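Peer 1: Structure here, sequence nowhere to be found:
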């Protein structure tokens, strides 16, 4: 079952992934541009993205309802 925390973590990962894509392709850090390089809010966002990545690792190992149903057949 997907929880609210899972959805928040996935949204943060999408934001982080898009930001890294911008850095890689255009050498443009959207978070640093929007909030200031080294600003406290920028650091908090980077930390939240890292925590979201750690949270999403658990998604790889969770059994879903469809997996449980297939296993019972």
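Peer 2: Alright, I've got the coordinates. Just so we're clear, the structure is a prediction, and the values are computed from it rather than from any experiment. Residues are numbered from 1 along each chain as shown.
Peer 1: Which elements pack onto the helix or strand harbouring residue 21?
Peer 2: Following DSSP states H and E, one finds residue 21 within helix 4-26. Applying 3 or more Cβ pairs under 8 Å, 6 or more residues apart in numbering; DSSP states H and E, we find helix 4-26 packed against helix 30-35, helix 40-61. Backbone N, C-alpha and C define where each C-beta goes, glycine included.
Peer 1: From the chain's centroid, how far away is that helix?
Peer 2: How far helix 4-26 lies from its chain's middle: 5 Å, per Cα atoms, centre = their mean, to the nearest Å.
Peer 1: Grab the nearest non-local neighbour of the residue nearest the centre of the chain.
Peer 2: Nearest to the mean C-alpha position of the chain, counting by Cα atoms, centre = their mean, stands residue 13 at 1.8 Å. Once flanking residues are discounted, residue 13 sits nearest to residue 52: 5.2 Å by Cβ to Cβ, 6 or more residues apart in numbering.
Peer 1: go on, residue 12?
Peer 2: residue 52 (3.7 Å).
Peer 1: Give me the pLDDT for the one you found.
Peer 2: For residue 52, the pLDDT comes out at 97.
Peer 1: That one: neighbour count?
Peer 2: 20 (other Cβ atoms under 10 Å).
Peer 1: Could you report the distance from residue 21 to residue 62?
Peer 2: 27 Å (Cβ to Cβ, to the nearest Å).
Peer 1: Residue 32 now?
Peer 2: For residue 32, the distance to residue 62 - Cβ to Cβ - is 34 Å.
Peer 1: Compare those two and say which is more crowded by neighbours.
Peer 2: It is residue 32, of residue 32 and residue 62, that has more neighbours when counted by other Cβ under 10 Å, with 16 against 10.
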